[in-house]
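> Quick check, what structure comes out for this input:
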Amino acid sequence: MATELIVYNKILTQRYVTDYLYDPNFPIVNVAIGVSKPVINNQEPGFIVRETTIQELFKRTIYARYNERTIVQKGVTLPPEATLPPAPVPFSPSLEATARYFYTLLLPEIKKLNITLDYVAVISPLATARFGRNMNA
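Predicted coordinates:
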């Protein structure tokens, strides 16, 4: 088993799930990023990474693109009741698909820190979806 650090990152992102719904009551309000370092010689790492390092990376990679925006599949028109500007993505932004997408955006940046990105969880007021390594794609 490895020690894991989970860093929470506040965000406000609406979603329009293609052919399903636009519901402003269930935005993404937090993104949890789980990271770890491998156990070497049966020694758990005492320190993985500064929490603020992960938050700064999150701000550059995800927050700057998607905070106070409505994630919508490319080519799909937002409904008139959407109040935040669109942020086009190449998929229908269910919580599950968004977690997977955010994971793929963060993975190359986390690798540069020589730590492991275990998972990304996107959190709405009602549900959480998590995607990461050792989870089926």
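> contacting residues for the residue lying closest to Pro90 once chain neighbours are set aside?
Leaving aside its sequence neighbours, Pro90 sits nearest to Lys74 (CB to CB, 6 or more residues apart in numbering; 5.9 Å). The way it works is simple: take the backbone N, C-alpha and C, and place the C-beta from them, glycine included. By CB atoms under 8 Å, 6 or more residues apart in numbering, Lys74 lies in contact with 88-90.
> Swap in 10 Å and give it another go.
Neighbouring residues of Lys74 by CB atoms under 10 Å, 6 or more residues apart in numbering: 86, 88-91.
> cool, and Val17?
By CB under 10 Å, 6+ apart, Val17 lies in contact with 23, 26, 71-73, 76, 92-95, 97-98.
> can we see that at 6 Å?
92, 94 (CB atoms under 6 Å, 6 or more residues apart in numbering).
> Any chance of the backbone angles for the closest residue to Leu57 other than its chain neighbours?
Leaving aside its sequence neighbours, Leu57 sits nearest to Glu109 (CB to CB, 6+ apart; 5.2 Å). Per-residue torsions, Glu109: phi -70, psi -40 (degrees, to the nearest 10).
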